[in-house]
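Q: Build me a structure from this.
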Amino acid sequence: MRIMGLDFGAKTVGVAISDPLLITAQGIEIIRRKDENKLRQTLARIEELIVEYGVEEIVLGYPKNMNDTLGARVELTNEFKEKLERRTGLPVHLWDERLTTVAADKAMIEAGLRREERKEHVDKIAAIFILQGYLDLQARKKQEERNEA
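A: So this is what the prediction gives:
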């Protein structure tokens, strides 16, 4: 079993996949589209990746505002979540993605990537941060359950 992490943006979707043991997240690709409203090819590519990697769950970044309010991007993300669930039949979990893009950019700066290179990879790295946060939380929950038993 694997879990897919998605960073859904206006013209791109960063994609990450967990390892089979659900310990680490790896960036796979960035799906690009010319028009924000043209999602058919994006959804088709996500379906291909689901089959290729044996994905059973999806974690979708949820773009809350820093003050914890919901902005316009949240509505589009909720619509995308519904489309993903309908099309794939998989559960889609929302994950607070505040600061993931900032963390991704910082990690690339520390790695010495130039600004042009960072722009090319930021969505994929953000998807890794989204998925890794979810995987870490699931691992902590399992550990707490073991400790209670």
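Q: going on from the lowest-mean-pLDDT helix or strand in the chain, what's the next piece of helix or strand?
A: Every helix and strand of the chain was ranked by mean pLDDT, DSSP states H and E. The lowest is helix 100-110, at a mean of 67. Sequence order places helix 115-148 as the next helix or strand after helix 100-110, per DSSP states H and E.
Q: For that following helix, what is the distance to the chain centroid?
A: Chain-centre distance of helix 115-148: 9 Å, with Cα atoms, centre = their mean, to the nearest Å.
Q: Show me which residues of it are buried.
A: Neighbour-count burial for helix 115-148 flags 118, 121-135, 138 (criterion: 16 or more other Cβ atoms under 10 Å). Heads up, the C-betas are built off the backbone N, CA and C, glycines and all.
Q: how about low-confidence regions in this protein?
A: For the chain, the stretches with pLDDT under 70 are 65-66, 98-105, 107-108, 113, 117-121.
Q: Number of residues surrounding residue 96?
A: Per other Cβ atoms under 10 Å, the neighbour tally for residue 96 reads 13.
Q: Likewise for residue 5?
A: With other Cβ under 10 Å as criterion, residue 5 counts 33.
Q: Report the secondary structure element holding it.
A: Counting by DSSP H and E, residue 5 is found in strand 2-8.
Q: partners of the helix or strand following that strand in the sheet?
A: Going down the chain from strand 2-8, the next helix or strand is strand 12-18, by DSSP H and E. Strand 12-18 has the following sheet partners, assigned by DSSP bridges: strand 2-8 (antiparallel), strand 25-32 (antiparallel).
Q: Pipe those into JSON lines and attach distance to residue 19 per row.
A: Converted to JSON lines, the strands paired with strand 12-18 look like this (distance: least, Cβ to Cβ, whole Å):
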{"stretch": "strand 2-8", "distance to residue 19": "7"}
{"stretch": "strand 25-32", "distance to residue 19": "7"}
